[in-house]
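Asker: sequence first, predicted coordinates after that:
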Amino acid sequence: MDVDLTGKVLIALPGIGDPRFARSVILLCAHSPEFAMGIVLNNPMVGLKLPQLLEQLDVPVEIDVSDSYVLDGGPVSSDRGFVLHTEDVMSEGATLEVNEDLCMTATRDILHAIASEAAPRRSVLALGYSGWGAGQLEYELAENAWLVADPDPELVFGEDHEEKWHNALSSLGVDTGRLQVDPGRA
């Protein structure tokens, strides 16, 4: 593998073949020859918002988080929380720098931070993640299952989940009305 896609966004194309990832927009948090992991950015959990989850975990809430969604980050480890956040809050040894603007932390400390006055500028909590084994993502990219784009704050933190897939494709100049499920053959 020549290209490290850590910090990039994967955008599912219509022919992806796995209904769990149809119209998904995924931030790749780590990418190496051995594995890749990312968080689905446009799949909010039905019936679960951040205040409810924090209450279940006995995390005191000092600020208004009432409108904050919890994302279904993917099918792997769906019982674990992963917080994507701005770089202004870091937990030494626990925070993974995704790029110069984005971090991911999966410890209880970040839950206390996002519910307090010491919260990062922007954050979103996901349960679970999307993972690929050695060479699996590269194969899917070669099979045209995904497009790759740069992230922007609204893709990562915005709450217009219905439009994220369209917006991600538009950022690349792709008209969603012109996409085909099955590519043509010459």
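Answerer: Here it is on my side, so go on.
Asker: which parts of the protein are helices?
Answerer: With DSSP state H as the criterion, the chain has helices at 50-56, 108-114, 136-142, 153-157, 161-171.
Asker: most tightly packed of those?
Answerer: Compared across these, helix 108-114 shows the largest average neighbour count, a mean of 20 (mean count of other Cβ atoms under 10 Å). Where you see a C-beta, it was placed from the backbone N, CA and C, and this is true even at glycine.
Asker: helices or strands up against that one?
Answerer: The helices and strands touching helix 108-114, judged by 3 or more Cβ pairs under 8 Å, 6 or more residues apart in numbering; DSSP states H and E, are strand 76-86, strand 123-132.
Asker: partner strands of the last one, parallel or antiparallel?
Answerer: Just to be clear, that refers to strand 123-132. Strand 123-132 has its sheet partners listed here by DSSP bridges as strand 36-40 (antiparallel), strand 69-72 (parallel), strand 76-86 (antiparallel).
Asker: point out the most buried one among these.
Answerer: It is strand 36-40: most buried of these by mean count of other Cβ under 10 Å, with a mean of 26.
Asker: what average pLDDT does that strand get?
Answerer: In this model, strand 36-40 carries a mean pLDDT of 97.
Asker: that strand vs helix 161-171, what angle?
Answerer: If you take axes from the mean of the first three to the mean of the last three Cα atoms, to 10 degrees, strand 36-40 sits at 120 degrees to helix 161-171.
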